[in-house]
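[1] based on what follows, work out the 3D shape:
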Amino acid sequence: MPIVLKGRKLIKIGELAKMFSVLPSTINFYTREGLLPEDGRSQGGYRLYDADKAIKKLKKIEYLQAKKRFTIDEIKKSL
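    Residues are numbered from 1 along each chain as shown. Take a look at the predicted model:
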């Protein structure tokens with residue numbers, strides 16, 4: 001269920017992972033590496049992401065990894 005924060009619909013990491021068919025640990029990794037910034041925090045401290053924006057960025061990361069065979073550092077530079 002989306003959370004509305006400052007007029008934006010945000011989702012938790014688990015929901016984002018399901019939408020993109022990856023494990024939540026993958027989303028955590030991308031966030032820690034600076035590839036996928038969080039868009040807010042819930043009152044309970046959960047990371048929140050704008051679904052549309054995050055899916056778009058995840059698709060680009062996936063493309064750069066799978067098709068271009070970029071390393072994480074190379075992906076950082078091209079995002």
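[2] next structured bit after the one helix or strand Tyr49 maps to?
    Per DSSP states H and E: Tyr49 is located in strand 47-50. Reading on from strand 47-50 to the C-terminus, the next helix or strand found by DSSP H and E is helix 51-66.
[3] list the buried residues of the helix or strand following that next one.
    Note on helix 51-66: by DSSP H and E, the next helix or strand toward the C-terminus is helix 72-78. Using 16 or more other CB atoms under 10 Å as the test for burial, helix 72-78 gives Ile75. Glycine gets a C-beta too; all of them are placed from N, C-alpha and C.
[4] CA atoms only for helix 72-78, dumped as CSV, please.
    C-alpha atoms of helix 72-78 as CSV (Å, rounded to 0.1, in the frame of the first residue of the first chain):
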residue,chain,number,x,y,z
ILE,A,72,29.0,-0.9,-10.2
ASP,A,73,31.5,2.0,-10.5
GLU,A,74,30.8,2.3,-14.2
ILE,A,75,27.1,2.4,-13.6
LYS,A,76,27.6,5.1,-10.9
LYS,A,77,29.4,7.2,-13.5
SER,A,78,26.7,6.8,-16.2
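[5] quick one: it to chain centroid distance?
    Using CA atoms, centre = their mean, to the nearest Å, the distance from the centre of helix 72-78 to the centre of the chain it belongs to is 15 Å.
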